[in-house]
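[1] starting from these lines, generate the structure:
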Amino acid sequence: MAEICILAGSKSDQEIVDKVLAVLKEHGVDYVFHVASAHREPQKVTEIVAQSDAKVFICVAGLSAALPGFVASLTIKPVIGVPVSAKLGGLDALLSISQMPRGVPVATVGIDNGANAAHLALRILGLSPMQSVDTYAKAGVDLVHEGKIIEILGKYTKQSFSFGKVLAEFGHFANLVEFGDYALALATDGVGSKVLLAQRIGKYDTVGIDCIAMNVNDIICLGAKPIGFVDYLAYERLTLEAVEGIAQGLLEGARQANIPILGGETATLPDLIKGFDLAGTALGVVHKDKVITGQDLAAGDVLLGLPSSGIHSNGLTLARKVAKLDDTLSDNTPVSEALLTPTRIYVKEIMQLLEEVPVKGLAHITGGGIRKLKQLNSKVGYKLDNWPDIPPIFTYLQERGNITNQEMFKTFNMGIGFVIAVSKIQTNAVQKVLPDAIRLGAVTTGREILVEKYGVKYKLGR
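    Purely as a prediction, here's the structure:
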């Protein structure tokens, strides 16, 4: 689906159109381009606008320049007018475009300034890289503020625990409610802004995998086996082809996690959602005697990590602002492909491990990066002295965005998507069951997370 529709009133405007296209191509944004005159071909213009899925229209016109205003009268989507210099140096077109009546707004850039029209369209869409976007906060995600929101919600959520028998602390990866001799585990999560990449690239068959992965990977952190899933798909407008891709991804995620999709909810919300949002909830079960919370971790316990498949579904707000989609990584993988690689699902490996090895703690490394270990147990420390080589996608993002190690490790998984904590004597047993498990380090008494090789340190606080 094209994000931007460009219309020119005449083929003679091609030089200005090329300025628009150069910016859009630089940032890897999909577009469509038409030549149609508001005066000579009003029906053609009307049909183009009516049939377009674009979210922004850029209209290039000279002389009386009726095209931008005419398009604005046909749609409620943003319209940007580019006045073209002609007999009066473009002043006639500039005044024509800017003097629109109330209720039919047209954004107007400088004469012949097609590049600025493209940049404005990118900003409207939230796709334009900001200057010095080297932190998650600058990209638009303030984790400190988010933490305060969670603190407020948590205050009321914990009060509800008296309505049932809740078996885990608030703030774990998932939670449990007693069900006879068993406990039912619940987790809910979404794909986040990765859906925007799916829309930009026009590839929808991986985000469904991400949706299931983000939930079942949280469920297994308590030792629970996922047994069911429901999804929630909200959208402004979706083509049937896009829905087909999303559904195929959900099915593949269900296959990998070995769980049924029990149903879900769809909602058409054009006034609330721009594009679409995909989220879900997973249900799991575990015997009460086999619940794993990480609360008995002790200094000397060993931490092992399972590699991620890439960026997974976290940190995409920063990655989208930094990455150039038509770039290629050092291993020749296209950046667009690397960013859409689906989240690895760890269910089968962890379920097998729990049958053979006593495990003390499990952590899904998602939003917040390696600081997710705090959710496992914040009363101990974690010294990671054997972090593996960082995958190319993270090296690319760090270099292109000039992002510090400290920021990278608190935003991205940096190549490790899941962490297993066991007694030291069980290290070899874990690696026998899971050959790709990497010894990362050990539990300490320091109440801090230290990634020694990269000089990264996070205090765990109270």
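
[2] any idea of the mean pLDDT for stretch 239-257?
    Mean pLDDT, stretch 239-257: 95.

[3] buried residues of it, list them for me.
    When neighbours are counted by 16 or more other Cβ atoms under 10 Å, the buried residues of stretch 239-257 are found to be 242, 245-247, 249-250, 252-254, 256-257. C-beta: built from backbone N, CA, C; applies to glycine.

[4] could these be laid out in JSON lines, adding secondary structure and distance to residue 328?
    Formatted as JSON lines, the buried residues of stretch 239-257 follow (DSSP: H, G, I helix; E, B strand; the rest coil; distance: Cβ to Cβ, whole Å):
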{"residue": "242", "secondary structure": "helix", "distance to residue 328": "26"}
{"residue": "245", "secondary structure": "helix", "distance to residue 328": "24"}
{"residue": "246", "secondary structure": "helix", "distance to residue 328": "27"}
{"residue": "247", "secondary structure": "helix", "distance to residue 328": "30"}
{"residue": "249", "secondary structure": "helix", "distance to residue 328": "24"}
{"residue": "250", "secondary structure": "helix", "distance to residue 328": "30"}
{"residue": "252", "secondary structure": "helix", "distance to residue 328": "26"}
{"residue": "253", "secondary structure": "helix", "distance to residue 328": "28"}
{"residue": "254", "secondary structure": "helix", "distance to residue 328": "32"}
{"residue": "256", "secondary structure": "helix", "distance to residue 328": "28"}
{"residue": "257", "secondary structure": "helix", "distance to residue 328": "32"}
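
[5] of the residues you listed, closest to residue 206?
    residue 249 (5.5 Å; Cβ to Cβ).

[6] ok, now how distant is the closest one from residue 330?
    According to Cβ to Cβ, to the nearest Å, residue 249 and residue 330 sit 28 Å apart.

[7] can you list the buried residues of stretch 239-257 in JSON lines and add distance to residue 164?
    Conversion of those to JSON lines gives the following (distance: Cβ to Cβ, whole Å):
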{"residue": "242", "distance to residue 164": "39"}
{"residue": "245", "distance to residue 164": "38"}
{"residue": "246", "distance to residue 164": "33"}
{"residue": "247", "distance to residue 164": "34"}
{"residue": "249", "distance to residue 164": "33"}
{"residue": "250", "distance to residue 164": "29"}
{"residue": "252", "distance to residue 164": "34"}
{"residue": "253", "distance to residue 164": "29"}
{"residue": "254", "distance to residue 164": "28"}
{"residue": "256", "distance to residue 164": "31"}
{"residue": "257", "distance to residue 164": "26"}
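
[8] spell out the secondary structure type for the residue of the chain most remote from its centre.
    For the chain, the largest distance from the centre (Cα atoms, centre = their mean) belongs to residue 87, which lies 48.5 Å off. Under DSSP: H, G, I helix; E, B strand; the rest coil, the three-state class of residue 87 is coil.

[9] list the buried ones in the helix or strand containing residue 46?
    Here residue 46 sits within helix 42-51, counting by DSSP states H and E. Under the neighbour-count criterion of 16+ other Cβ under 10 Å, helix 42-51 has 45-46, 48-49 buried.

[10] farthest pair in those?
    Across these, the longest distance by Cβ to Cβ is 7.4 Å; it joins 46 and 48.

[11] do a quick rundown of the helices in the stretch 251-400 of the chain.
    316-322, 335-340, 347-356, 373-376, 392-401 (DSSP state H, counting those that start in this stretch).

[12] for residue 156, find the nearest of these.
    That would be helix 373-376 among those, by Cβ to Cβ, at 19.4 Å.

[13] can you list contacts of that closest one?
    Helix 373-376 has contacts (Cβ atoms under 8 Å, 6 or more residues apart in numbering) with 171-173, 221, 294, 297, 361-363, 382, 419, 421, 449, 460.

[14] if you set the cut-off to 10 Å instead, what comes out?
    Outside helix 373-376, the residues that touch it by Cβ atoms under 10 Å, 6 or more residues apart in numbering are 169, 171-173, 218, 221, 292-295, 297, 303, 360-366, 368, 380-382, 384, 419, 421, 443, 447, 449, 458, 460-461.

[15] could you pull out the residues contacting both of residue 46 and residue 48?
    Common neighbours of residue 46 and residue 48, counting by Cβ under 10 Å, 6+ apart, are 36, 71, 74.

[16] which elements pack onto the helix or strand harbouring the second one?
    Mapping residue 71 onto the secondary structure by DSSP H and E places it in helix 67-72. In terms of contacts (3 or more Cβ pairs under 10 Å, 6 or more residues apart in numbering; DSSP states H and E), helix 67-72 is packed against strand 4-8, helix 42-51, strand 56-62, strand 79-84, helix 91-98, strand 107-108.

[17] repeat the analysis, applying 6 Å as the threshold.
    strand 56-62, strand 79-84 (3 or more Cβ pairs under 6 Å, 6 or more residues apart in numbering; DSSP states H and E).

[18] average pLDDT for that helix?
    93.
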